[in-house]
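**Student:** this one's structure only:
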């Protein structure tokens, strides 16, 4: 069921799409981007291969190594003086190895031509690619530039459904939640580069040539012992030239090398505190003449569309429960309901795996039976051939 409410009594805004009806019959528009080249992936409407409830469907990516772009118009929302909550669920039941799982909020958008370069106001959600990229994207557009969160939190990497929540406040603070747990929060100025730094290194200052920042030095009184052995290998003293060795044919015989039993490794002088050490040199700072304070970076203007544009190597991600609201309590209520509902996935996955294992065992038994039947047939044919030969 699609929830689309403008709560007049409290003047709250709430847009919600739970994909309870086929998205292509519910105003979702797939972009023509990449279609001519055959690189555009097909969407499905599915609960997946295992699920909490079969009727609980979402928007699913259906083809590997494809681009996906789809969007929907929403009632215009302006977050001036209000909270903004952007929430969605993502289920990577395909054990995703590389692909995006994020949604975007837009001002104006040409839905038919929606593509990766289309300007947006917020991008939010998980992104996974290999071992290095397993993070939550949280990007704000600022004066035409897309600013990615600095040192953003990690995303979930298992096969279950997770609830991702972004909260933006009129005091320019934010929170990123995963399944209701605070993963990152604080001032937007601290995590996004909305402003140039307030201070910069003084261009007229540099580290003095005589500055000593080496904390330790070799002890000048430390001397390598006379009996210190640094040769890793020695000639085998027990080796003898073979009696059948022919120098004319085999060349000059050389005894083999063996590990030196007295080897002690490279000698190094002992280290002592450097008496001239001054500590790390810190570049003096001066006010940045180009610094300008940016006010109200939380403001996103008129938001009119929600959409998803991703690339996926391995398809099968299910997106669901898209929510945009200025009511944090209502978002929490929805989130708590979702978290309680999706608890059933664990048992569903366990039951699904058990059935799959039984199928594999049955197929293996069938293969063995088929091989035995083939062997019996061959033996029977060999026996008939032998009887004919005897006759």
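**Tutor:** That came through fine. Being a predicted model, the structure only gives us computed values, none of them experimental.
**Student:** going forward, measure contacts between C-alpha atoms and count neighbours the same way
**Tutor:** Will do.
**Student:** and stretch 330-340, what's its mean pLDDT?
**Tutor:** Taken as a whole, stretch 330-340 has an average pLDDT of 97.
**Student:** one more: stretch 283-300?
**Tutor:** Averaged over stretch 283-300, pLDDT sits at 96.
**Student:** tell me which residues of that stretch come out buried.
**Tutor:** By neighbour count on 16 or more other Cα atoms under 10 Å, the buried set for stretch 283-300 is 297, 298, 299, 300.
**Student:** can you list these in a markdown table and add distance to residue 219 and secondary structure?
**Tutor:** Formatted as a markdown table, the entries for the buried residues of stretch 283-300 read as follows, by distance: Cα to Cα, whole Å; DSSP: H, G, I helix; E, B strand; the rest coil:
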| residue | distance to residue 219 | secondary structure |
| --- | --- | --- |
| 297 | 56 | coil |
| 298 | 58 | coil |
| 299 | 61 | coil |
| 300 | 62 | coil |
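**Student:** which among those residues gets closest to residue 316?
**Tutor:** Ranked by distance to residue 316 (Cα to Cα), the buried residues of stretch 283-300 are led by residue 300 at 31.3 Å.
**Student:** looking at residue 247 now. What's its pLDDT?
**Tutor:** Model confidence at residue 247, expressed as pLDDT, equals 86.
**Student:** what's the closest non-adjacent residue to it?
**Tutor:** With Cα to Cα, 6 or more residues apart in numbering as the measure, residue 253 is the residue that lies nearest to residue 247, at 6.9 Å, once sequence neighbours are left out.
**Student:** what's around the one you found, how many residues?
**Tutor:** Burial of residue 253 is recorded as 12 neighbouring residues (other Cα atoms under 10 Å).
**Student:** name the SS class of it, please.
**Tutor:** Secondary structure, DSSP: H, G, I helix; E, B strand; the rest coil: residue 253 is coil.
**Student:** which parts of the stretch 101-250 of the chain are helices?
**Tutor:** When assigned using DSSP state H, counting those that start in this stretch, the helices of the stretch 101-250 of the chain occupy the ranges 188-191, 247-250.
**Student:** quick one, which of these is packed in tightest?
**Tutor:** Each of these was assessed for mean neighbour count using mean count of other Cα atoms under 10 Å. The highest is helix 188-191, with a mean of 17.
**Student:** how about residues contacting it?
**Tutor:** Residues outside helix 188-191 that contact it (Cα atoms under 8 Å, 6 or more residues apart in numbering): 149, 150, 151, 172, 173, 174, 195, 297, 298.
**Student:** in contact with the closest residue to the last one other than its chain neighbours, which residues?
**Tutor:** Pointing back at residue 298 there. Closest residue in space to residue 298, ignoring its immediate chain neighbours: residue 172 at 5.1 Å, by Cα to Cα, 6+ apart. Contacts were defined as Cα under 8 Å, 6+ apart; by that measure residue 172 touches 187, 188, 189, 296, 297, 298.
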